[in-house]
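Colleague: I would like to see how this sequence folds:
(2 chains)
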Amino acid sequence: MPGKLYKSAAIVGAAEANEIGFLAEPKTSLELHIEAIKNLSNQTGVPISKIEGVFSTGWSSELCEHLGIKPKYIDTTAVGGCSFEMHVHHAMAAIHSGIIDIALVTHGENGFSARKIGGRGTGNYGRGAGVASPAAEMSMAYGLGSAPSNYAHAMVRHMHRYGTTTEDYAHIAKVTRDWATLNPRAAMYSKEKHPFGGPISVAQVEDSRLIAWPLTILHCCMVADHGGAVLIASPKVAAGLILSQYGWQVRVKVWGMRTCLRWKTSQQHLPLDQRKPPTRWRVWVRGKWSWR
Amino acid sequence: MTYNKPIPTRGTHTVPFWEGAKEGKLMLPRCQDCNRVHWYPRFICPHCHSTNLEWVEASGEGKIHTYAVQHLVFGPWEPEAPYVTAYIDLNEGDRMLTVLRGVDPQKPEEIKIGARVKVEFEQANEDTYIPFWRVIEE
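Modeller: Got it, this is the predicted structure:
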């Protein structure tokens, strides 16, 4: 396997569904996926037909069928909210091993819309408990279900063991909301956008309605509608993509992830048509990196 | 009053647990190779991966590992809210989820991690007795 793992792949695009948050017109999870994937394809210039690997929780096979993709690599890892970070890791490993060059990581969940039209992509706990799962057999009697109802136990234990306080946890909610106030697309961007939107204080978090003591409703992440997709590519493809936007021929054979990201971040505040290609290139010549 | 909470269906390998519960005994799976008990019951010892498992009668005592108070609940437990759920460190080892009795859900700060608890069983139907744990007054 050539090269180091951290240089083996680059994130070349990231896009969201057309609308996110609390949608007035309900959408399905699949629709949110497809919007994000379509936007990603437009953003990167990579046709959907060129996607070789599909990474998503449980949805991958249905997505491939829906998009008419015959994937060389498929991954349905579902371990909760962090699944998609893991998908990025798995995509990197698949690219590093040389199986694929272009990977799609995609997410769509109509948590809010599902209240109107159903179809949330999560299972129900405890049906046919014992035979299906001894873990469910021994826990279903006690009425837990939502993530907060479980996580509250871990929080209390953490407070006991490390001396953290509910106020410490409230800070997490507060700064997360602060981020939302920087993003006009966020559901809680402002009071104008949503009656409960805009900045919140630590005291507000602590005083809001209890969900599972010590977690209040403002500690918990919202159940909203969202779709997001990320495209990950081998260095060869990544270099080609960025240069091809300017009609340049590909002259960098291997492009490390850091170089690519550094260039992207320095110009990412500009609209696409105003971005300039870098004036210096980092190239791999005769076994070492040099600037051209 | 008839029991109106969710009633587990038996697994293929958990019969001794439910039969013990009928007699008020807490049965735990123990590994004959490493001697450790585990919870919930598995087909293989999660500590040493031996499949030489047996069922032993436990003391039915333990300590509170952590707890939470459930305020927003859906389904059959909804009328009980708020109520206290807890993980119990069993005296024999490993940990069990339960609904904790003998505590005030309105005063969660007064519940002590490490407090001693004892198991009790409530009849749910003819065959099923569900374990709950109660804080022992010191």
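
Colleague: any idea how far A:Glu65 lies from chain B?
Modeller: Per CB to the nearest CB, to the nearest Å, A:Glu65 is found 34 Å from chain B. Quick note: C-beta positions are derived from backbone N, CA and C, even for glycine.

Colleague: quickly find the element holding the residue of chain B most remote from its centre.
Modeller: The C-alpha centroid of chain B is most remote from B:Asp33, which lies 24.3 Å away (CA atoms, centre = their mean). For B:Asp33, there is no enclosing helix or strand under DSSP states H and E.

Colleague: what residues does the residue nearest to it when sequence neighbours are not counted make contact with?
Modeller: Closest residue to B:Asp33 in three dimensions, ignoring its sequence neighbours and counting by CB to CB, 6 or more residues apart in numbering or on different chains: B:Ser50, at 3.9 Å. Counting by CB atoms under 8 Å, 6 or more residues apart in numbering or on different chains, B:Ser50 touches B:Cys31, B:Gln32, B:Asp33, B:Cys34, B:Ile44.

Colleague: show me which pair in those is furthest apart.
Modeller: Maximum pairwise distance in these, criterion CB to CB, is 12.5 Å, between B:Gln32 and B:Ile44.

Colleague: where do the contact lists of these two overlap?
Modeller: B:Ser50, B:Leu53.

Colleague: all helices for the stretch 151-292 of chain A, in order.
Modeller: A:166-180, A:202-207, A:235-244, A:257-267 (DSSP state H, counting those that start in this stretch).

Colleague: average pLDDT across the last one?
Modeller: Meaning helix A:257-267. Summarised as a single mean, pLDDT over helix A:257-267 is 49.

Colleague: number of nearby residues for A:Gly226?
Modeller: If you look again at residue A:226, you'll see it is His, not Gly. By other CB atoms under 10 Å in any protein chain shown, 22 other residues sit near A:His226.

Colleague: that one contacts A:Glu16, correct?
Modeller: Yes: counting by CB atoms under 8 Å, a contact exists between A:His226 and A:Glu16, whose distance comes to 7.3 Å.

Colleague: and chain A, is stretch B:21-28 touching that?
Modeller: No: Stretch B:21-28 does not reach chain A (CB under 8 Å from any CB of the partner chain); its nearest approach is 11.1 Å.

Colleague: chain center to that stretch, what's the gap?
Modeller: The chain centre lies 11 Å from the centre of stretch B:21-28; the measure is CA atoms, centre = their mean, to the nearest Å.

Colleague: show me the contacts for residue 99.
Modeller: No chain specified, so I'll use chain A. Listed by CB under 8 Å, 6+ apart, the contact set of A:Ile99 reads A:Gly53, A:Lys72, A:Tyr73.

Colleague: right idea, wrong chain: chain B
Modeller: For B:Val99, the contact set (CB under 8 Å, 6+ apart) comprises A:Ala141, A:Tyr142, A:Gly143, B:Tyr83, B:Val84, B:Thr85, B:Ala86, B:Phe132, B:Trp133.

Colleague: mind doing that once more with 6 Å?
Modeller: Counting by CB atoms under 6 Å, 6 or more residues apart in numbering or on different chains, B:Val99 makes contact with A:Tyr142, B:Thr85, B:Phe132.

Colleague: so where does it fall, helix or strand?
Modeller: strand B:95-101.

Colleague: now the residue nearest to B:Tyr67 when sequence neighbours are not counted, what's its secondary structure?
Modeller: Using CB to CB, 6+ apart and skipping the chain neighbours, the partner closest in space to B:Tyr67 is B:Ala86 (3.9 Å). Assigned by DSSP: H, G, I helix; E, B strand; the rest coil, the conformation of B:Ala86 is strand.

Colleague: measure how buried B:Ala86 is and give me the count.
Modeller: Neighbours of B:Ala86 using other CB under 10 Å come to 28.

Colleague: low-confidence bits of chain B, can you list those?
Modeller: B:1, B:138 (pLDDT under 70).

Colleague: in it, which spans are strands?
Modeller: With DSSP state E applied, chain B shows strands at B:27-31, B:53-57, B:61-70, B:83-90, B:95-101, B:116-123, B:129-135, listed in chain order.

Colleague: any chance of CSV for the ones you listed, columns distance to A:Ala154?
Modeller: Listed next are the strands of chain B as CSV, based on distance: least, CB to CB, whole Å:
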stretch, distance to A:Ala154
strand B:27-31, 23
strand B:53-57, 28
strand B:61-70, 7
strand B:83-90, 9
strand B:95-101, 12
strand B:116-123, 19
strand B:129-135, 19
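
Colleague: so the residue nearest to the spatial centre of chain A is in which element?
Modeller: The residue lying closest to the centre of chain A (CA atoms, centre = their mean) is A:Phe84, at 5.3 Å. Using DSSP H and E, A:Phe84 sits in helix A:83-96.

Colleague: and the next element down the chain from that helix?
Modeller: Once the chain leaves helix A:83-96, the next helix or strand it forms, by DSSP H and E, is strand A:102-110.
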